[in-house]
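Participant: pasting the sequence and the predicted coordinates here, then a few questions.
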Amino acid sequence: MERRERPALRLSRRLPIALLAATLLASCGRVEQPLNSFDSQGPIAERINELFWPVFWGAAVIFVLVQGALLLAVFLFRERKGKERPEPKQVAGNTRLELAWTVVPTIILAAIAVPTISTLFELAECPRGAMEVEVIGHQWWFEFRYPDSGVVTANVMVIPEDTEVCAKMTSDDVLHNFWIPKLAGKRYLVPGQETEQRLYADDPGEYWGHCAEFCGLSHARMRARVVAMTGTDFEAWTANQLLPAVTPAPGSEAERGMEVFLGGTCIGCHIIDGTNNPDPETLTVPAPDLTHFASRGVFAGATLPAQLEPSRADWEAGLRLWLADPPTWKPGSFMPELGLTADEIDALVAYLSTLE
Amino acid sequence: MAVDVATETVERAETTLFRRPRLTYGFWSWITTADHKKIGLMYGYTAFIFFLAGGIEALLLRIQLAGPDGAFLTAAEYNGLFTTHAVTMIFLFVMPISAAFFNYLLPLMIGARDVAFPRMNAVSFWIFLFGGLFIYSSLIFGTSPPPVGGSLPGGAADASALGSIPNSGWFIYAPNSGATYSPGTSVDYAALGLQILGVASLISAVNFIVTILNMRATGMRLLRMPVFVWMTLVVALLLLFSLPIIAIALFMLTFDRQFGTLFFVAEAGGDPILWQHLFWLFGHPEVYILILPAMGIVSETLPVFSKKPLFGYPAVVFAGAAIAFLGFGVWAHHMFSSGIPTVAQAAFGLSTMTIAIPTGIKIFNWLGTVWGGRVRLTTPMLFSLGFVALFVIGGLSGVTHAVVPSDWQQTDTYYIVAHFHYVLFGGALFGLFAGIYYWFPKVWGRMYSEALGKWHFWLMFIGMNLTFGPMHWLGLQGMVRRTWVYPEEAGLGAGNFVVTVGAFIIALGVLVFMINWSYSKRRGRIAPNDPWDARTLEWTIPSPTPEYNFAVEPTVTSLDDFWHLKYDEDEEGRAVRKEKADELVDDLIHTNGHPDHEIHLPAPSYFPFIVGLGIMFIAYGIMYHTRPYGIPMLAAGTLVAIGALVAWGSEPLEEIHDDDHGDGGDAHEDDTEPALNEGDV
């Protein structure tokens, strides 16, 4: 009998241990978490965490005190078999105590309120002289425009390091919310209104972002990246973005891809400067400018390729998946299934990979 | 049995147009009843069925999120399920099950024979039921094509049935909820369904306010009312003032969608943020509508199981009222990242912090109640203590939202999901379960199984913390809300797996509860009339409650009057049970179980049911007004509803005596205040 019971017993012991291990693993941060707001990489996110942690620890102290008092009360005053407790004193209240637990929390809250309000006013609005980037939300991708240089791009916002950046944001359709957890908090993109978000990256790097406001079917597929560069790299990037698209060499696979692009429905929505320049007003739906598509590294709402550090093969596989069937990856997508043949997809991948 | 004596009806000449139904048992008695206890039970059972539906929805969501890049549900299905889970749990479970408690207990706790307007009480139940059925009928009739110009996988024209339930989030934010971005009818089911449910809640709110203000037992001054009754009053006032706001917002949304108005259409100069102000100006008081009933319940159970009066009764009452009042001034804390002006963010951050003060007062007073008591760890007491423990966590994380810049990181992540589930699951639901166990013997006259009850508690308590605890970390580590998949690369898989395991442990707890309920209600040990040595009036009558509640109208001379009948205090202030306490209690309960005269009870009526049915068809008619059958449906629904109201007005008030004009709720035939009897609704 006893032997039989053992495996079950073991399982019941193992399960809590496994759960505990999983919880620890999830909370200790050893796993790479590109959207982790605790891992701040700039002064704005840093200030928010500096505000959060003292409040958190204060709350933790109150938590321990209150739960401790509750547990102690239950432990001290519970009825046990064979140990009858005396009838309790019928205490209906105590004015001093009640005053104390009204006044003390008020003081604690006032102490929290002061840094809250000062940090709020410090961070809420862009300082003068910040570099402006326009952010326009679409179902389901972010568009970025640089009014100083005229660069237009999508999915990846490139900024210089150690620079105040002011995102001036609006939406083309529904509400969206621009969130780069390691750099800043959230701010809505509201159709018909302009909102502001401060961004500041201490060091060069790639920072993940996500649309945080529910924006319809493919909300989960609306992500973004912010790439911070050194000042010189940023200037080089800007200069490159302003160039028209490269024209593929005659007879190459890429040229065939360009023909597929120009001959299909792609040109109804996508601009490739120098190759396809329709009047923006006539586009069927707004779609990312593809002039420097390959310079961005990610596409499909910054969800593909999914890898943290994608290889060239990952990139091509992601692009094939996307071109073959956009609505399956991004339900509701305004890019329909185009019915491309494998051959046409190969050609398009070759062409798009030249658009650095 | 006494019940039969009391409800025996006398044949009368058919002089009026309509006769009222008289059945006291069987199917039709439930359809036609105006008895607050039967209505309360119907509310309870209906709400519980919706709770199971909402729970299954939650489990489906958790299966999808158990690992990264889940493929169990489609995006449309996921969006439908998370929306309907919220709508169900808020509007079809917590609100109606609170209404079940109000209905069943309120008259008993204030010493009345029914609510002020018994048939109105019935109509609010039927409207609620048909409103709930209306929302869920979207499973069959709803449509949810992609936004205009978009494509679904495989070129499908419409989402599956699960994807066609309301899918715009329970908050129905404009402009995503508009006709361009949400074509199809799934959003209409939410907008019109919530409108119907609002009517039901508004009617019952008026009913409860009138009942509490007018029908208390002699001597029960306002500050002698049990805290649960106080919280009922506060919740009813909250409903009365907040529901009209959402009604207007929903009308505007329905007009935008159905008749081409442009309230929230940005391209035409409409304002999507206006929707948020209207929604949360209702939505935040709504949060207190959900939690205050549970706070009322534990304010009853903690004193009973600690054998002490509630610590600082007036403070607890006023804190409840203060929470409700302040609750109308904090709505924009749901919108800190929406781009509202910085000064507004500061103001709403501060007002939100102030709510922590009355909430803290309540928690400390509950602690003070338990401290020094004689604590019996029964199932309802465990749930009450669990309520306090979990609510503290939800309250503390709530303060971190008031720290506005922190909230910019927290909002729209699972941190928020964790917070409000600690408040509404750990809070409201644990409080409600405490109440269900506490009053179980009152309703059925039998005891529940204490062993199963404890299993239920521990499964729920552990499951709840495993489910919602890790969400705090997940949220701040980048788990965005309302996303049907998250990438493996985000590093959130392990935490999400724990959450899913926790959800299934909760489900197991609910299963244990259902077994306990259905077994104990038939086979449980016969309950004594005062099993908990309680303090309030509902325990001075036999269990299960007789149809007429009190054979003799109670008179009250103090707070916790029933307790003072049983106990004195010695010079130290310790409770001393009176020598004759048992005798006194037995006598009182015996007297209350044996009326010496016929007691007039609210007569049943068919019409509340028919009104509810008519209203549902009005909603279908509005939604389908462009289809050939829409207008006929609208006309038929209107005719049925108005016809039933006219017939209701023409109904004889009583079937019993020609010389009696009092309607049902007429518990006060000797009352010196006849105001409510004539022309009763």
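Facilitator: Received it, and whenever you're ready, just let me know what you need.

Participant: for chain B, longest helix please?
Facilitator: Assignment by DSSP state H gives helix B:272-306 as the longest helix of chain B.

Participant: after that helix comes which helix or strand?
Facilitator: helix B:313-326 (DSSP states H and E).

Participant: report whether that next one contacts chain A.
Facilitator: Yes: judged by Cβ under 8 Å from any Cβ of the partner chain, helix B:313-326 comes into contact with chain A through B:313-315. For every residue, glycine as well, the C-beta is placed using N, CA and C.

Participant: and which of these is nearest B:S520?
Facilitator: Among the residues of helix B:313-326 next to chain A, B:Y313 lies closest to B:S520 (Cβ to Cβ), at 32.1 Å.

Participant: just checking, that closest one touches B:S558?
Facilitator: No: B:Y313 is not in contact with B:S558 according to Cβ atoms under 8 Å; the separation is 11.2 Å.

Participant: neighbour count winner among those two?
Facilitator: For B:Y313 and B:S558, the more surrounded residue by other Cβ atoms under 10 Å in any protein chain shown is B:Y313, and the numbers stand at 23 against 13.

Participant: measure that one to B:L559 for me?
Facilitator: Per Cβ to Cβ, to the nearest Å, B:Y313 is found 6 Å from B:L559.

Participant: quick one on the thing from earlier: flag every buried residue along the longest helix of chain B.
Facilitator: B:272-273, B:275-306 (16 or more other Cβ atoms under 10 Å in any protein chain shown).

Participant: tell me the contacts of the residue most central in space within chain B?
Facilitator: Nearest residue to the geometric centre of chain B (Cα atoms, centre = their mean): B:M95, 1.8 Å. Applying Cβ atoms under 8 Å, 6 or more residues apart in numbering or on different chains to B:M95 gives the contacts B:197, B:201, B:289-290.

Participant: per-residue confidence for residue 25?
Facilitator: Went with chain A since none was named. Looking at A:L25, its pLDDT is 58.

Participant: I was after chain B.
Facilitator: pLDDT, B:Y25: 75.

Participant: cool, B:L601 as well?
Facilitator: On the pLDDT scale, B:L601 gets 82.

Participant: can you tell me how far it is from chain A?
Facilitator: 37 Å (Cβ to the nearest Cβ, to the nearest Å).

Participant: neighbours around that residue, how many?
Facilitator: 25.

Participant: you'd agree it is in a strand?
Facilitator: No: assessed with DSSP: H, G, I helix; E, B strand; the rest coil, B:L601 is coil; it does not lie in a strand.

Participant: which ones are touching the closest residue to B:L65 other than its chain neighbours?
Facilitator: Nearest residue to B:L65 in three dimensions, chain neighbours excluded: B:N496, at 5.3 Å (Cβ to Cβ, 6 or more residues apart in numbering or on different chains). Applying Cβ under 8 Å, 6+ apart to B:N496 gives the contacts B:65-68, B:474, B:479, B:486.

Participant: now rank those by neighbours and give me the top one.
Facilitator: B:L474 (28 neighbours).

Participant: is stretch A:162-177 positioned near chain B?
Facilitator: Yes: under the criterion of Cβ under 8 Å from any Cβ, chain B is reached by stretch A:162-177 at A:173-175, A:177.

Participant: go through the residues you listed and say which is closest to chain B.
Facilitator: A:V174 (4.1 Å; Cβ to the nearest Cβ).

Participant: quick one: the closest one and A:Y188 touch, right?
Facilitator: No: using Cβ under 8 Å, A:V174 is not in contact with A:Y188; the gap is 10.5 Å.

Participant: before we move on, what SS does the closest residue to B:A157 other than its chain neighbours have?
Facilitator: Distances taken as Cβ to Cβ, 6+ apart put B:P145 closest to B:A157, at 6.0 Å, once the chain neighbours are dropped. On the three-state scheme (three-state DSSP), B:P145 is labelled coil.
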